[in-house]
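> compute the structure for the input listed below.
(chains A, B and C)
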Amino acid sequence: MITLDGITKTFGGYRALDNIDLEVKDGEFLALLGPSGSGKTTLLRIIAGLAFPDAGTVAFDGEDVTGLKVADRKVGFVFQHYALFKHMTVADNVGFGLSVRKRGQRPPKAQIRARAEELLELVQLGGLGNRYPAQLSGGQRQRVALARALAVEPQLLLLDEPFGALDAKVRKTLRRWLRDLHKQMGLTSIFVTHDQEEALELADRVVVMDHGVIEQIGTPEQVYMEPATAFVSDFVGETNHLPGGIHVRPHEFRIVEDGGQPVIVESIFRKGGVWRIEGSLASHAEVVELDLDATLAPPSPGDTIRIVPRRLKTFPQSGATSHDQA
Amino acid sequence: MDIAVNRPPPVPLAPAAPARAHLRNRLQRNRSVIPGFGLTMGLTLAWLSLIVLIPLSTVFIRSAGMGWSEFLAAGFSPRAVAAYRVSFGTAFAAAFVNGVFGLLTAWVLVRYEFPGKRIVNGLVDLPFALPTAVAGIALAAIYAGNGWVGQWFEPLGIQLAYTPIGITLALIFIGLPFIVRSVEPVLEDMSAEVEEAALSLGARPWQVFTRVILPAIMPSLLTGFALAFARGVGEYGSVIFIAGNMPFKSEIAPLLIVTQLEQYDYAGATAIATVMLVASFAVLLLINLIQAWSRGRMQA
Amino acid sequence: MNTLSILRARHLLIAAALAFIALFLVLPLAAVFMAALEKGLEAYAAALVEPDALAAIRLTLLVAAISVPLNIVFGIVAAWSIAKFDFPGKSLLVTFIDLPFSVSPVVAGLIYVLMFGAQGWFGPWLAEHDIQIIFAVPGIVLATVFVTFPFVARELIPLMSEQGRDDEEAALSLGASGLQTFLRVTLPNIRWGLLYGVLLCNARAMGEFGAVSVVSGHLRGLTNTMPLHVEILYNEYNFVAAFAVASLLALLALVTLVLKSIVEWRFAYHRRSAGH
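Okay, here's the model as predicted:
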């Protein structure tokens, strides 16, 4: 178990992390989700021992590791841009962690090579050991970086924006593959992402961060359905802001014959299995987006439809607490 | 006096612990996982001080010890002033010529393909790699009255070698790569799209050059100019063979320093060196200002 | 019509640039070899095997053999501290390292005379202990180290800054020690930049004239480097010998340029293959 207690970090007057408390359970797959500047990468680097907090402690299984450097923490770190060693073959990259061990603990060359091949098989890159990183695709490099991190048998796997540099299609395949790999190995893993879809799809729990503080910790379901703050409601999934601090997701509207709020339809287009309607609230001139079952006949631009939220959340302007109304 | 009276009240032990933790944290904050900062920074500062900073300071300390009148008499004697005029004037003229032909060379190297381009590109750095004394005797041989180039000017009554013209020719040789290598990367970064955009808006090629390209490369051109100028002012080896070294006419400031050293006139040599150092620091400052200005302009 | 005039302008510009290069760069280079061989190969060879010439060659090699390694070590150490860490005053430090480039070589020699010469700060003390720096080999080495001071560092600082810290952090996170990280990850990453800096540093070290001239004392066979030997021969109107020794230095410059071009080519190759 990993315990963070009161982690604070400033960069020249700027508070990157403000009193962060967090517990990560063994075998958990945790996402640190937030926009850039939210402090998520700094937090990951502090857990890794690549950066050090101004205040607060990091403990692994109850043992204080705050002062320990990365090499002494038994973590595997996958860098955003992979940081593969360009001048080494893929196999040498993967075997690097074993080959730099002290003489007594260093496995023989053949064994390192075998272990590297084994890990390359695991990440589905068997037979590519003699290539150089420059000869691989982005997705393949990503998996080499992962294999390299796993080679030192870490207790904890940390991934910084693991899919950030990949195109959409590769990202999707790799995402599914990483989730399966985590299930198979059960290794405690933390990854940083700014992509809410990625966090919701992969993680057991999501930590939503903004401006150096944790806004909410919860399962993907909780974070999406029960956002604790206006920020979370906004950042995770799409949200309409209606007057009075009311947040409604586009798919949470229902069209009614009478009553409700009149909306003038401005544009309409197909978005996957639904109609996405953009319109404005007649009463407040606010823009609203709503999704409508695509099996129904769509309204036309200029029509007035009446809508009622199926489910809404209100946040006071400060966004500190929330009320449920179903 | 009773010292005990002014002693602060005993500090309870408990708050000391957070204070220490605070200190530890302060130290930790600046800690990097990458090792070796203390060692490498210490070695860098020590070596820099021993080889560069302390020896350079001798010039200023000696000058400061002279007193104003003595310093002015030595550093701004008529002969010294004439030498500055020759050094700064020829360096400026050479940097100007290089500004034109260096820009042309950079342009041709970046924009056009032609046979032998790679060789030309390598040759541009010849003045960096060729020892200055070698350049000096070669240039003297070429531009002398009976030399390959000098013989064409001799009948016209124009003497190239052993005059300020000869010094300028040597400094053009020395300064060329500064301009080319300063401007080249900026030209490379400038996409052809910008030019095409200007052309599509109806600009003539000459207007594209003066209104679009020249303003964009101006900071780098000025930087290259300043670098070539500074190098030219201090240049010695390539110049003395072609300069003629006539006091008040074709004597450069660095040569005057050497002459005075040979006559054991340390004060004179030091004063002139001080003037030259101040001048080169001023150019250095100017270069930094140009670059800061260009950075600011690009970000704004 | 328009295309034609642009084409003509292109040819004109290329021709002008090539003419300028030929006149100002190629001609002097050719002049060195022509003048050296003016009296035939025999006179050329005789000038090179003459004892004073051999002594000058030996001294030049010795000075380079001392000052270049010193600059390699300093350049790597300085670049490591500047590129891999953040601290206040960084740009001032870089400016200080570049300082020798903007100092006249003659002044570079002068400052060591003021330090270690007979009239210098340490002059009396050195005389008392019978240590000679000025007009001796140590002075030549010091002046050479000064003028070549920035070469390796200024090549490596931007390179290592650009490469960032990810590779080093990755190696450290895999358990490598600081030294292992440097030798197995950083050094291979900077090898071409390092070689580039060393080539330029070596060319300057072997070719330096002004600074060395001030501190050398021009003792034939003792404190004469190759460039100084060229000067002496030239001033004695022994032109064939002067240009013969100069041609060796010109060859060194050409070799440096060729190697540098090869490194640049490799550089570009690596950058392209590593880029996205």
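
> show me what contacts whichever residue of the stretch 1-150 of chain C sits closest to chain B?
Taking CB to the nearest CB as the measure, the stretch 1-150 of chain C has C:Ser104 as its residue closest to chain B, at 2.8 Å. C-beta here means a position set from N, CA and C on the backbone, and glycine is covered the same way. Going by CB atoms under 8 Å, 6 or more residues apart in numbering or on different chains, C:Ser104 touches B:233-236, B:253-254, B:257, B:273, B:276, B:280, C:210.

> between the residues you listed, which sits nearest B:Phe88?
Closest approach between these and B:Phe88, by CB to CB: B:Val233, at 6.0 Å.

> backbone phi and psi for that closest one, please?
Torsion angles at B:Val233 (phi, psi; degrees, to the nearest 10) stand at phi -60, psi -40.

> how close does it get to B:Leu171?
Note on B:Val233: its distance to B:Leu171, by CB to CB, to the nearest Å, is 9 Å.

> cool, and B:Ser32?
Applying CB to CB, the value for B:Ser32 to B:Leu171 is 45 Å.

> which residue is the nearest non-sequential neighbour of the residue of the stretch 1-150 of chain C closest to chain B?
Nearest non-adjacent residue to C:Ser104, counting by CB to CB, 6 or more residues apart in numbering or on different chains: B:Gly234, 2.8 Å away.

> and if you look at C:Ile111?
B:Pro55 (4.1 Å).

> can you give me the pLDDT of that neighbour?
Confidence at B:Pro55, expressed as pLDDT, is 95.

> what do you get for C:Leu54?
95.

> burial count for it?
12 (other CB atoms under 10 Å in any protein chain shown).

> which SSE is it in?
Following DSSP states H and E, the helix or strand that holds C:Leu54 is helix C:51-83.

> check A:Glu278 too.
Using DSSP H and E, A:Glu278 falls in strand A:274-281.

> for that strand, which outside residues touch it?
Contacts to strand A:274-281, defined as CB under 8 Å, 6+ apart, come from residues A:242, A:250-251, A:261-270, A:286-294, A:296, A:298-299, A:305.

> and for stretch A:13-23?
Stretch A:13-23 has contacts (CB under 8 Å, 6+ apart) with A:1-10, A:39, A:42-43, A:46, A:53, A:56, A:207, A:211-214, A:217.

> low-confidence ranges in the stretch 201-326 of chain A?
Scanning the stretch 201-326 of chain A for pLDDT under 70 picks out A:317-326.

> can you give me the helices for it?
For the stretch 201-326 of chain A, applying DSSP state H, counting those that start in this stretch gives helices covering A:220-225, A:230-235.

> in ChimeraX, how would I select the buried members of the contacts of stretch A:13-23?
To isolate the buried ones among the contacts of stretch A:13-23 in ChimeraX, judged by 16 or more other CB atoms under 10 Å in any protein chain shown, type:
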select /A:2,3,4,5,7,8,9,39,42,43,46,53,56,207,212,213,214,217
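
> and chain B, which of the contacts of stretch A:13-23 reach it?
Contacts with chain B within those, counted by CB under 8 Å from any CB of the partner chain: A:9-10, A:53.

> find the closest residue to chain B in chain A.
A:Phe52 (4.4 Å).

> state the number of residues packed around that residue.
By the criterion of other CB under 10 Å, A:Phe52 has 21 neighbours.

> cool, the one 5 residues further on as well?
Using other CB under 10 Å, A:Thr57 is surrounded by 14 other residues.

> for the host helix or strand of it, which strands pair with it and how are they oriented?
Per DSSP H and E, A:Thr57 falls inside strand A:55-60. Note on strand A:55-60: by DSSP bridges, its sheet partners are strand A:2-11 (antiparallel), strand A:63-64 (antiparallel).

> output the helix or strand following the longest one as CSV, nothing but the C-alphas.
Moving toward the C-terminus from strand A:2-11, the first helix or strand encountered (DSSP H and E) is strand A:14-24. Written as CSV, here are the backbone C-alpha positions of strand A:14-24 (Å, rounded to 0.1, in the frame of the first residue of the first chain):
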residue,chain,number,x,y,z
TYR,A,14,3.8,28.5,-7.6
ARG,A,15,2.0,25.9,-5.6
ALA,A,16,2.1,22.8,-7.7
LEU,A,17,0.8,20.5,-5.0
ASP,A,18,-1.1,21.6,-2.0
ASN,A,19,-1.3,19.2,1.0
ILE,A,20,-2.1,16.0,-0.9
ASP,A,21,-3.3,12.9,1.0
LEU,A,22,-3.8,9.7,-0.9
GLU,A,23,-3.9,5.9,-0.4
VAL,A,24,-3.3,3.4,-3.1
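
> how about strand A:14-24: buried residues?
Neighbour-count burial for strand A:14-24, counted by 16+ other CB under 10 Å, picks out A:16-17, A:20, A:22, A:24.

> next secondary structure after that strand?
Criterion used, DSSP H and E; the element after strand A:14-24 is strand A:29-33.

> which helices and strands does whatever helix or strand comes next after that next one pack with?
With elements assigned by DSSP H and E, the helix or strand that comes after strand A:29-33 is helix A:40-48. The helices and strands touching helix A:40-48, judged by 3 or more CB pairs under 8 Å, 6 or more residues apart in numbering or on different chains; DSSP states H and E, are strand A:2-11, strand A:14-24, strand A:29-33, strand A:75-78, strand A:156-160, strand A:188-193, strand A:205-210.

> mind listing the strands the second one pairs with, and their directions?
It stands for strand A:14-24. With DSSP bridges as the test, strand A:14-24 is paired with strand A:2-11 (antiparallel).

> pLDDT on the strand it pairs with, on average?
94.

> so which residues make contact with it?
Contacts for strand A:2-11 (CB under 8 Å, 6+ apart): A:15-24, A:39, A:42-43, A:46-47, A:51, A:53-60, A:62, A:156, A:188, A:212, B:29.

> now the angle from it to helix A:40-48?
Counting by axes from the mean of the first three to the mean of the last three CA atoms, to 10 degrees, strand A:2-11 points 120 degrees away from the direction of helix A:40-48.
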